[in-house]
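Student: Need a 3D model of the following:
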Amino acid sequence: MKNKRRYIGHCALCGKESNLTFEHIPPRKAFNWTPTKTVSGDTLINSVANERNPWNLDGLQYSNRQQGQGFYSLCSKCNSLTGTLYGDEYIKVARGFHDLIKSTNITVNGYIQVKSESFRPLPFIKQVLSMFCSVNRSMANDSRIKYIREFVLDKDATCLPKNKYRINMYLCKPGLQRYAPLSVQLLSGGNHKPIINCISEIATYPMGFILCFNPTEEISYDYPDITSFSDYKYEDECSVEMQLPYFECNIMFPADFRSKEEIQACIAENRTWNEAHTD
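Tutor: Numbering: from 1, shown residues only. This next block holds a predicted model:
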């Protein structure tokens, strides 16, 4: 029998050093059971610099994940805990959105009115937050991530502080997926004053999420804020009605949902500017 490779490291949730297990992101039964090719952000940025379209991954170096997308990020105890306490609720919602997308004539960047079946909001959002901990596993000791880790590990903890965190949700088209650890955007605010926007993103079929750190009213998204799901108790059930956009990912930058045509036009405009200002 061949020896299985061991991945020793600190668990993205409890922080203990152990033999890490593979955490599917999203859960395997939420349409994450097929082999995937993972390309690093550095590789993608270099390919775009070489005038390759950012959605064209042909010939790029990648990691082959036969079991689906995810990371060796959790110890066996935490992997079992999240799967038992939170995973089923996420899978239930994902399957409902899958059925809705397949039965609705929705176009990319269009919106759909959603009325969910009864589900438990707190386990659902804790599964989402657990996934963000794995995506941001290299920053596990950062105070912003540490608070989320503790929130996830306590089944009965409620009321994520909304002055520190905001979670927005959208529907995501099959195809390219995006896993962005904490990233900093510089956006233009009033009087051309820059606004710092700290976000992390998980974009996988059929749902995508943006986690904002220290959110400000100056920056808002045209898709639902689901942070209030954390206000429910673990056993509480409800149904929600909201309008969700249907996005596709064509580039590696978080919260960027431009079409291929928009990206190509931007590349051409930047190239023309560079040529005009190069000696």
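
Student: what secondary structure does residue 215 sit in?
Tutor: Under DSSP: H, G, I helix; E, B strand; the rest coil, the three-state class of residue 215 is coil.

Student: Let's test this: what are the backbone torsions at it?
Tutor: Main-chain torsions, residue 215, degrees, to the nearest 10: phi -60, psi 150.

Student: quick one, strands of the stretch 151-279 of the chain?
Tutor: 165-172, 178-188, 194-204, 207-213, 241-247 (DSSP state E, counting those that start in this stretch).

Student: again, but for the stretch 1-150 of the chain
Tutor: Going by DSSP E, counting those that start in this stretch, the stretch 1-150 of the chain shows strands at 8-10, 17-19, 21-24, 36-38, 63-65, 70-74, 111-115.

Student: Where among the ones you listed is average confidence lowest?
Tutor: The weakest mean pLDDT among the strands of the stretch 1-150 of the chain belongs to strand 63-65, with a mean of 78.

Student: what residues does that one touch?
Tutor: 35-38 (CB atoms under 8 Å, 6 or more residues apart in numbering). Placement of C-beta: from N, CA and C, glycine included.

Student: Out of the residues you listed, give me the one that has the most neighbours.
Tutor: Neighbour counts for the contacts of strand 63-65 (other CB atoms under 10 Å) peak at residue 36, which has 17 neighbours.

Student: pretty sure that one contacts residue 69?
Tutor: Yes - counting by CB atoms under 8 Å, residue 36 touches residue 69, with 4.6 Å between them.

Student: Mutual contacts of those two, please.
Tutor: residue 177.

Student: and the two most separated of the contacts of strand 63-65?
Tutor: 35 and 38 (10.5 Å; CB to CB).

Student: Just send the strands of the stretch 151-279 of the chain back as JSON lines, with mean neighbour count too.
Tutor: JSON lines is the format used below for these (neighbours: other CB atoms under 10 Å):
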{"stretch": "strand 165-172", "mean neighbour count": "22"}
{"stretch": "strand 178-188", "mean neighbour count": "15"}
{"stretch": "strand 194-204", "mean neighbour count": "19"}
{"stretch": "strand 207-213", "mean neighbour count": "22"}
{"stretch": "strand 241-247", "mean neighbour count": "16"}
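
Student: Could you tell me the least trusted of those?
Tutor: Looking at those, the weakest mean confidence is strand 178-188, a mean of 89.

Student: Pull that one out as CSV, backbone CA atoms only.
Tutor: Presented in CSV, the C-alpha positions along strand 178-188 are these (Å, rounded to 0.1, in the frame of the first residue of the first chain):
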residue,chain,number,x,y,z
ARG,A,178,-12.3,32.6,-8.0
TYR,A,179,-10.8,32.3,-4.6
ALA,A,180,-9.4,35.6,-3.4
PRO,A,181,-7.8,35.9,0.1
LEU,A,182,-7.9,39.3,1.8
SER,A,183,-7.2,41.9,-0.9
VAL,A,184,-7.0,45.7,-0.8
GLN,A,185,-8.8,47.8,-3.4
LEU,A,186,-8.2,51.6,-3.8
LEU,A,187,-11.5,53.1,-5.0
SER,A,188,-12.3,56.7,-5.9
